[in-house]
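Asker: sequence below, structure please.
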Amino acid sequence: MPELHAELLKNMASAGLDPDFPLELALPVKMLVMDADGVLTDGGLYYDNNGLALKRFDVQDGLGIRLAQKAGIESAIISGMRSKALEQRAMDLEVAECHAGQFQKLSCLREIMRRKNLRWANVAYIGDDLIDLPVMLRAGLAVAVQNAQPEVKLMAHYVSPLAGGRGAVRQLLRQIMMAQGRQEEVISWFARLEEHDGPPLHDALKS
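Answerer: Prediction:
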């Protein structure tokens, strides 16, 4: 495969940078913590004839999470609702810190931070509703999706131009990795994926 031209790689690594994104707040981020419903999904609940709730996740969000893991940025999910679909999605993405049925999100996250020796400046949080406020008021980088409630948007450091379940998580991770100078490395690695020794794409970066 031909080498990526240095200038092209640089341009690719800066593509999609939002001038309104607070780059300085993203520099110390080591973990992205996500709400599930309305952030990883579009917020809709689809019930089948057996009463089973189905949810829609965004594939590009999933690949963004896997790329961020490759770049050293951990992910966690804290959701107020219990869901087999969410548990399966987290398993597919190898997100070990998936905590469902957690209405007290702040105490849950504090325990994660204690175990991983993280400070609030190391945490980015993306949410959409009032249940997310206690965490967002403390996170070093608090982000609201475009479909978030107005109160949540008002106190967020950044409001994504994209809605939950429609690429907002991928867009946020792109901004964080660009701020930390990791995007170019990830693009370069991904462009040469087939040259790497190791598991195939669907195992290495399951989205």
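Asker: what pLDDT is listed against the residue nearest the centre of the chain?
Answerer: In the chain, the C-alpha nearest the mean C-alpha coordinate belongs to V169, at 4.2 Å (CA atoms, centre = their mean). Turning to V169, the model gives it a pLDDT of 98.
Asker: ditto for L8
Answerer: Looking at L8, its pLDDT is 71.
Asker: and if you look at S75?
Answerer: 97.
Asker: just say helix, strand or coil for it.
Answerer: Here S75 is strand, with the state taken from DSSP: H, G, I helix; E, B strand; the rest coil.
Asker: can you start the count at 149 instead of 1 from here on
Answerer: Sounds good: first residue 149 from here, last item S223.
Asker: so it makes contact with I260?
Answerer: No. In this structure, S223 is not within contact of I260 by CB atoms under 8 Å, at 11.0 Å. All C-beta atoms are positioned from the backbone trio N, CA, C, and that covers glycine.
Asker: quick check: neighbours shared by those two?
Answerer: 179, 181, 245 (CB atoms under 8 Å, 6 or more residues apart in numbering).
Asker: excluding chain neighbours, what is closest to the residue nearest to the centre of the chain?
Answerer: D209 (4.1 Å; CB to CB, 6 or more residues apart in numbering).
Asker: what's the burial count for L234?
Answerer: By other CB atoms under 10 Å, 21 other residues sit near L234.
Asker: could you say which helix or strand holds it?
Answerer: helix 232-240 (DSSP states H and E).
Asker: what's the offset of that helix from the middle of its chain?
Answerer: How far helix 232-240 lies from its chain's middle: 15 Å, per CA atoms, centre = their mean, to the nearest Å.
Asker: over to stretch 236-253?
Answerer: Computed by CA atoms, centre = their mean, the chain-centroid distance of stretch 236-253 equals 12 Å.
Asker: what about it, average pLDDT?
Answerer: Rounded mean pLDDT across stretch 236-253 is 94.
Asker: so L281 touches K301, yeah?
Answerer: No. The pair L281 / K301 is not scored as a contact, 11.4 Å apart, by CB under 8 Å.
Asker: between S223 and I260, who's got more neighbours?
Answerer: Neighbour tally, S223 and I260, criterion other CB under 10 Å: the higher count belongs to S223, 23 against 17.
Asker: tell me what that one is bridged to.
Answerer: L180 (DSSP bridges).
Asker: show me where pLDDT drops low in the protein?
Answerer: Where the chain drops to pLDDT under 70, the residues are 149-153, 157, 161, 341-355.
Asker: quick one: the helices in it, in order.
Answerer: Taking DSSP state H, the helices of the chain run over residues 154-162, 171-174, 207-218, 232-240, 253-264, 281-284, 298-303, 316-327, 331-339, 349-352.
Asker: flag every buried residue along the third one.
Answerer: Neighbour-count burial for helix 207-218, counted by 16 or more other CB atoms under 10 Å, picks out 209-218.
Asker: now render the residues you listed as CSV, adding distance to W337.
Answerer: CSV is the format used below for those (distance: CB to CB, whole Å):
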residue, distance to W337
D209, 19
G210, 17
L211, 13
G212, 14
I213, 16
R214, 12
L215, 9
A216, 13
Q217, 12
K218, 7
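Asker: picking that back up, can you pick the most crowded of the shared contacts of S223 and I260?
Answerer: Compared across these, V181 has the highest neighbour count, 26 neighbours, by other CB under 10 Å.
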